[in-house]
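Chemist: sequence unknown, structure follows:
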């Protein structure tokens with residue numbers, strides 16, 4: 001409650017009637033703003049309300065932003081509508097083209113001018129397409145037939161031409177099949193020959209390798225024997241210093257003495273008499289080597305003979321394998337040739353059976369031209385009497 005001497009407050013006014021309190025509060029607010037404006041030196045001096053101007057600027061910017069957003073939204077809506085209209089236009093054009101195409105196809109298929117009922121009245125090719133009446137269509141008094149005339153000549157010629165063309169096609173097909181079979185047989189034969197040549201080359205290479213190996217073993221054996229003989233000779237003869245000419249001096253002296261002895265020996269030169277002065281046979285002549293030398297020579301010959309037999313046996317096995325493979329290849333080639341000749345003979349017999357002509361009745365039935373039968377339905381469009 002308001003006491004005496006106190007100023008009323010806002011709460012006191014609010015406690016009163018609501019419309020009256022609202023008016024009083026608005027009036028107080030207006031007075032307060034006016035007081036602040038009057039007491040502001042800048043506004044009082046210039047005479048412009050800055051708050052109002054700022055509010056006007058903010059309101060103008062808000063209006064411009066709102067207008068710009070509305071314009072952007074309107075443009076987006078217009079672009080969306082334009083895109084939809086373009087899509088609809090494309091779909092309309094496609095449907096129109098499809099419908100036009102369907103109409104053209106329908107007209108070409110079902111609306112041909114030649115299919116009309118009255119087309120024969122204005123047909124420009126009527127004389128070209130005109131045909132002669134058939135045997136059944138010609139009457140007794142038509143005067144369109146002569147004695148001895150063949151009415152079926154054209155059909156017979158066409159049937160014979162068709163038969164001849166079919167026969168030629170069969171001959172061409174048979175010739176192509178025969179050429180293909182011969183070509184395949186030649187290819188198989190060439191492939192077998194290539195395989196035989198490859199196998200022969202492998203066998204020859206193997207034979208050469210074994211031969212080279214045997215030769216190498218022989219050379220190694222001979223080289224080993226030579227080295228052994230040289231070692232035995234070096235062990236028997238003491239080494240001598242060699243001069244610049246290659247042979248040692250002592251060895252040259254021994255060679256000279258040996259050559260002089262051989263040249264002057266009457267026994268070696270067969271100049272000595274083999275009989276004594278009393279006529280008996282001389283006993284100090286050479287009677288041959290010892291038995292040990294002959295035994296060693298015989299043993300060496302046996303070893304050489306055994307080695308020769310081993311080499312011959314290996315070469316015989318190799319030649320036997322080569323001959324066996326060659327015989328197998330020959331048999332395979334003979335079987336292939338027999339099979340090729342059999343297939344060719346069967347093919348020729350089959351083609352000859354296919355080309356055997358039938359009897360006269362079957363040929364007539366085959367060459368008879370196809371005609372439609374004239375029944376009672378044909379005469380429905382004609383009158384029933386002479387009038």
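Modeler: Structure received. Owing to the predicted nature of the structure, the values given are computational and were not obtained by experimental measurement. Residues are numbered from 1 along each chain as shown.
Chemist: quick one: pLDDT of residue 102?
Modeler: pLDDT, residue 102: 93.
Chemist: where does whatever helix or strand residue 343 lives in sit relative to the chain's centre, distance-wise?
Modeler: Assigning secondary structure by DSSP states H and E places residue 343 in helix 291-354. Distance of helix 291-354 from its chain centroid, counting by C-alpha atoms, centre = their mean, to the nearest Å, is 42 Å.
Chemist: Show me what it is packed against.
Modeler: helix 153-236 (3 or more C-beta pairs under 8 Å, 6 or more residues apart in numbering; DSSP states H and E). Backbone N, C-alpha and C define where each C-beta goes, glycine included.
Chemist: what's the average pLDDT for the helix it packs on?
Modeler: 84.
Chemist: go on, stretch 279-297?
Modeler: 71.
Chemist: Start and end of that stretch, how far apart?
Modeler: 36 Å (C-alpha to C-alpha, to the nearest Å).
Chemist: Residue 350 and residue 278: what is the separation?
Modeler: 109 Å (C-beta to C-beta, to the nearest Å).
Chemist: which of those two has more neighbours?
Modeler: Between residue 350 and residue 278, residue 350 has the larger neighbour count (other C-beta atoms under 10 Å), namely 12 against 5.
Chemist: Look up how far residue 174 lies from the more buried one.
Modeler: 9 Å.
Chemist: Shouldn't residue 124 be within a strand?
Modeler: No: judged by DSSP: H, G, I helix; E, B strand; the rest coil, residue 124 forms no part of a strand; its state is coil.
Chemist: what about it, how many neighbours?
Modeler: 6.
Chemist: Next one: it, what pLDDT does it get?
Modeler: 89.
Chemist: now do the one 4 residues further on
Modeler: Residue 128 is assigned a predicted lDDT (pLDDT) of 86.
Chemist: Any chance you could list what contacts whatever helix or strand it lives in?
Modeler: In the assignment (DSSP H and E), residue 128 maps to helix 126-129. Here helix 126-129 makes contact (C-beta atoms under 8 Å, 6 or more residues apart in numbering) with 120, 123.
Chemist: give me phi/psi at residue 279?
Modeler: For residue 279, the backbone dihedrals (degrees, to the nearest 10) come out as phi 90, psi 0.
Chemist: Please report how far it lies from residue 249.
Modeler: 48 Å.
Chemist: Looking at these two, which one has more neighbours?
Modeler: A count of neighbours by other C-beta under 10 Å puts residue 249 above the other of residue 279 and residue 249, at 12 against 6.
Chemist: confidence score at the more buried one?
Modeler: For residue 249, the model assigns a pLDDT of 73.
Chemist: Same question for residue 78.
Modeler: The model's pLDDT for residue 78 equals 93.
Chemist: For the stretch 1-150 of the chain, give me the ranges with low pLDDT.
Modeler: 1-19, 41-50, 139-142, 144-149 (pLDDT under 70).
Chemist: One more pass at 80, please.
Modeler: 1-21, 36-53, 131-150 (pLDDT under 80).
Chemist: just the helices in it please.
Modeler: 10-15, 18-39, 41-46, 50-110, 126-129 (DSSP state H, counting those that start in this stretch).
Chemist: What is the fourth one packed up against?
Modeler: In other words, helix 50-110. Going by 3+ C-beta pairs under 8 Å, 6+ apart, helix 50-110 lies up against no helix or strand.
Chemist: by how many degrees do it and helix 18-39 diverge?
Modeler: Angle of helix 50-110 versus helix 18-39, following axes from the mean of the first three to the mean of the last three C-alpha atoms, to 10 degrees, is 110 degrees.
Chemist: Centre of the chain to helix 50-110, how far?
Modeler: 55 Å.
Chemist: and if you look at the shortest one?
Modeler: What separates the centre of helix 126-129 from the centre of its chain is 56 Å, taken as C-alpha atoms, centre = their mean.
Chemist: mind listing what's buried in it?
Modeler: Of all the residues in helix 126-129, not one is buried under the rule 16 or more other C-beta atoms under 10 Å.
Chemist: show me the contacts for residue 192.
Modeler: 329, 332, 333, 336.
Chemist: For residue 380, give me the pLDDT.
Modeler: 63.
Chemist: Residue 201 and residue 213, how far apart?
Modeler: 18 Å.
Chemist: That should have said residue 328, apologies.
Modeler: 26 Å.
Chemist: swap in residue 279?
Modeler: Taking C-beta to C-beta, one finds residue 279 at 63 Å from residue 213.
Chemist: Show residues contacting stretch 207-219.
Modeler: Outside stretch 207-219, the residues that touch it by C-beta under 8 Å, 6+ apart are 311, 314, 315, 318, 322.
Chemist: wait, which of these is closest to residue 293?
Modeler: residue 311 (27.0 Å; C-beta to C-beta).
Chemist: Can you name the residues that contact that closest one?
Modeler: So residue 311 contacts residue 214 (C-beta under 8 Å, 6+ apart).
Chemist: and the nearest residue to residue 199 once chain neighbours are set aside, what does it touch?
Modeler: Using C-beta to C-beta, 6 or more residues apart in numbering and skipping the chain neighbours, the partner closest in space to residue 199 is residue 325 (6.1 Å). Residue 325 sits next to 199, 200, 203 when contact means C-beta under 8 Å, 6+ apart.
Chemist: how close does residue 325 get to residue 353?
Modeler: 42 Å.
Chemist: and if you look at residue 334?
Modeler: Taking C-beta to C-beta, one finds residue 334 at 29 Å from residue 353.
Chemist: ditto for residue 121
Modeler: 57 Å.
Chemist: cool, and residue 68?
Modeler: Where residue 353 is concerned, residue 68 sits at a distance of 98 Å (C-beta to C-beta).
Chemist: can you check residue 290 too?
Modeler: 93 Å.
Chemist: How about residue 110?
Modeler: Applying C-beta to C-beta to residue 110 and residue 353 gives a distance of 50 Å.
Chemist: likewise residue 341?
Modeler: For residue 341 relative to residue 353 (C-beta to C-beta), the value is 19 Å.
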